[in-house]
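Asker: pasting a predicted model and its sequence here:
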Amino acid sequence: MYRYAIDGVEYSDTSKISASPARYQVGDSIRLLVNPVNPGNSDVANGDIPLFTYGVMAMGLLVFAVGVLIAWLALTGAMTFQ
């Protein structure tokens, strides 16, 4: 559970992420992502990038590399399209 105040209004919420041992201790400052339209809606900005994101980035780089390779082969004449 964490508490925060915006413009004098206090809010509290619970983190959707847990860790063992606890990542934060009582009294630690944390960084929050707060919905500006609904300040009662927040989440802890933990800075971790999910493994899925790395997978998507790797697939994008692979597709880009294959595209560059095909373009290079076509421009050098090593590959022709009919």
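Answerer: Yes, it's here. Residues are numbered from 1 along each chain as shown.
Asker: let me see the domain layout of this protein.
Answerer: Domain assignment for the chain by automatic domain parsing gives 1-46, 49-82.
Asker: let me see the mean pLDDT of the longest one.
Answerer: Mean pLDDT, taken over the full extent of domain 1-46, equals 82.
Asker: how far does it stretch from one end to the other?
Answerer: Terminal residues of domain 1-46 are spaced 14 Å apart (Cα to Cα, to the nearest Å).
Asker: rebuild the domains of the chain as a markdown table, extending it with mean neighbour count.
Answerer: (Each C-beta comes from the backbone N, C-alpha and C, glycine too.) Shown next, in a markdown table, are the domains of the chain (neighbours: other Cβ atoms under 10 Å):
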| stretch | mean neighbour count |
| --- | --- |
| domain 1-46 | 10 |
| domain 49-82 | 9 |
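Asker: residue 6 contacts residue 38, doesn't it?
Answerer: No: when contacts are counted by Cβ atoms under 8 Å, residue 6 is not listed as touching residue 38 (10.9 Å).
Asker: could I get the full set of helices for this protein?
Answerer: Using DSSP state H, the helices assigned to the chain run over residues 51-76.
Asker: thought residue 11 was touching residue 42?
Answerer: Yes: counting by Cβ under 8 Å, residue 11 does reach residue 42; the two are 6.9 Å apart.
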